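K.L.:
Provide a 3D model corresponding to the input given below.
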Amino acid sequence: IPALVTPFKDGVVDEAAFRRLVDWQIAEGSSALVPCGTTGEAPTLSNDEQRRLFAIAVEQADGRVPVIAGCGSNDTQTALWHMQVAKDLGADAALMVAPYYNRPSQAGLLAHFSFLAERVDLPIVLYNIPGRTAKNMEPETICRVADTCPSVVAIKESTGLMDQASQILSASDLTLLSGDDSLTLPLMALGASGVVSVAGNIV
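P.N.:
Residues are numbered from 1 along each chain as shown. Okay, the predicted model is just below:
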């Protein structure tokens with residue numbers, strides 16, 4: 001599953017290039033698409049740019065593969081807004097990164113994701129990348145979120161910790177996806193189902 005780059009031209013989103021990228025990814029065999037992940041520069045996109053990229057991805061994919069919209073934010077209300085927009089535009093799921101910079105407690109992480117799951121009926125893929133967020137979602141927290149929020153169906157694991165991935169797989173029914181291209185094989189050996197890939201933009 002490629003975490004799609006966001007093409008720009010003269011400081012503006014290049015919509016034609018983005019449409020070509022979506023078509024190319026589907027033709028090359030990608031099983032889903034992630035617009036507006038961190039690879040797509042979501043933290044620096046405006047709300048209008050993000051909404052437009054969601055719309056183009058859903059329209060161009062045209063049901064051929066699922067669209068997992070990158071909706072995460074360090075602000076719960078902003079994340080909620082992105083999720084509602086993604087649902088209204090027809091996205092199939094939301095990729096939700098753990099709040100970055102704020103460094104919430106484990107209870108705070110549970111509160112953040114529970115709040116979102118209760119308010120928008122859209123499948124959620126958690127995204128745990130402590131190297132970017134400065135806070136690891138502990139396996140116990142991840143499993144508790146999954147237990148209390150039925151719409152949380154998967155996790156993109158980017159800790160690089162095999163023990164953590166193994167704990168999540170053994171203690172929950174979550175689909176686990178590698179968040180690091182180079183760790184895809186060892187994670188799949190543990191039971192992961194695939195990768196949300198950066199290199200997939202060019203390979």
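K.L.:
Enumerate the positions of the least confident helix or strand in the chain by mean pLDDT that are buried.
P.N.:
Every helix and strand in the chain was compared by mean pLDDT, DSSP states H and E; the lowest is helix 130-133, with a mean of 95. When neighbours are counted by 16 or more other CB atoms under 10 Å, the buried residues of helix 130-133 are found to be P130, R132, T133. (C-beta placed from N, C-alpha, C; glycine too.)
K.L.:
Run through who's touching that helix.
P.N.:
Outside of helix 130-133, the residues that reach it under the criterion CB atoms under 8 Å, 6 or more residues apart in numbering are T38, V97, A98, P99, Y100, Y101, R103, N136, M137, S158, T159.
K.L.:
Name the SS class of the last one, please.
P.N.:
Pointing back at T159 there. The three-state assignment at T159 reads coil, by DSSP: H, G, I helix; E, B strand; the rest coil.
K.L.:
surely it meets N136?
P.N.:
Yes. T159 lies in contact with N136 (CB atoms under 8 Å); the separation is 6.1 Å.
K.L.:
Now do the shared contacts for these two.
P.N.:
The contact lists of T159 and N136 share N128, P130, where a contact means CB under 8 Å, 6+ apart.
K.L.:
For the residue nearest the centre of the chain, give me the backbone phi and psi.
P.N.:
By CA atoms, centre = their mean, the mean C-alpha position of the chain lies nearest to L95, the distance being 2.6 Å. In this entry, L95 is assigned phi and psi values of phi -90, psi 120 (degrees, to the nearest 10).
K.L.:
which residues pair with it across the strands?
P.N.:
Here L95 sits in beta bridges with G70, V125, as judged by DSSP bridges.
K.L.:
Helices of the chain, residue ranges please.
P.N.:
Under the criterion DSSP state H, helices of the chain are mapped to 15-27, 47-61, 76-89, 106-119, 130-133, 139-148, 162-171, 184-190.
K.L.:
my guess is E41 contacts T6, does it?
P.N.:
Yes. With contact defined as CB under 8 Å, E41 reaches T6; the gap is 5.2 Å.
K.L.:
neighbour-wise, which of those two wins?
P.N.:
Set side by side, E41 and T6 give different neighbour counts by other CB atoms under 10 Å, the larger being at T6 (21 against 17).
K.L.:
quick one: contacts for the closest residue in space to the more buried one that isn't next to it in sequence?
P.N.:
Here the nearest residue to T6 in space, its sequence neighbours aside, is G40; by CB to CB, 6 or more residues apart in numbering that works out to 4.4 Å. In this structure, G40 makes contact with A3, L4, V5, T6, V34, L53, G70, judged by CB under 8 Å, 6+ apart.
K.L.:
Out of those, which end up buried?
P.N.:
Neighbour counting with 16+ other CB under 10 Å marks A3, L4, V5, T6, V34, L53, G70 as buried within the contacts of G40.
K.L.:
Alright, calling it a day.
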